[in-house]
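Enquirer: Compute the structure for the input listed below.
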Amino acid sequence: MLNADAADKKQPLHKTLLFSDLSNFMDKDIAIFLTNEEIIQGKLVYYDEIANCILENGNKRMFIFGKTISNIFTI
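Expert: Presented below is the predicted three-dimensional model:
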């Protein structure tokens, strides 16, 4: 049984960045390796605090959920 005081003290939720500094990849051609083993290439044009990314490849833009990214490399 939980202590009433323990139930009242909710632990704060912490956002964890997958990558320490995506600004190093901005406006560069990159390859993103996904958790399903796909590789997506393009220029990084946007990212947010949880590593969601938008890549531009020619006239297409692709949105990638940060939680699906396993690795990023410049190409």
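Enquirer: what about the strands in this protein?
Expert: In the chain, the segments counted as strands under DSSP state E are 29-34, 39-47, 53-57, 60-64, 69-74.
Enquirer: Indicate each strand paired with the fourth one and its parallel or antiparallel sense.
Expert: Meaning strand 60-64. strand 53-57 (antiparallel) (DSSP bridges).
Enquirer: follow-up on the earlier one: quick one: closest of the strands of the chain to Ser23.
Expert: Between Ser23 and the strands of the chain, the shortest separation by CB to CB is 8.1 Å, and it involves strand 39-47. C-beta here means a position set from N, CA and C on the backbone, and glycine is covered the same way.
Enquirer: just checking, what packs against that closest one?
Expert: If contacts are counted by 3 or more CB pairs under 8 Å, 6 or more residues apart in numbering; DSSP states H and E, strand 39-47 sits against strand 29-34, strand 53-57, strand 60-64.
Enquirer: contacting residues around the first one?
Expert: The reference is to strand 29-34. For strand 29-34, the surrounding residues in contact (CB atoms under 8 Å, 6 or more residues apart in numbering) are 39-44, 53, 55, 64, 68-75.
Enquirer: Please check these and keep the buried ones.
Expert: Buried by 16 or more other CB atoms under 10 Å: Ile40, Gly42, Lys43, Leu44, Cys53, Leu55, Ile64, Thr68, Ile69, Ile72, out of the contacts of strand 29-34.
Enquirer: Dump those residues into CSV; add distance to Ala31 and pLDDT as well.
Expert: Below are the buried ones among the contacts of strand 29-34 laid out as CSV (distance: CB to CB, whole Å; pLDDT from 0 to 100):
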residue, distance to Ala31, pLDDT
Ile40, 7, 96
Gly42, 9, 97
Lys43, 11, 98
Leu44, 11, 97
Cys53, 12, 96
Leu55, 10, 98
Ile64, 12, 97
Thr68, 14, 95
Ile69, 11, 94
Ile72, 7, 93
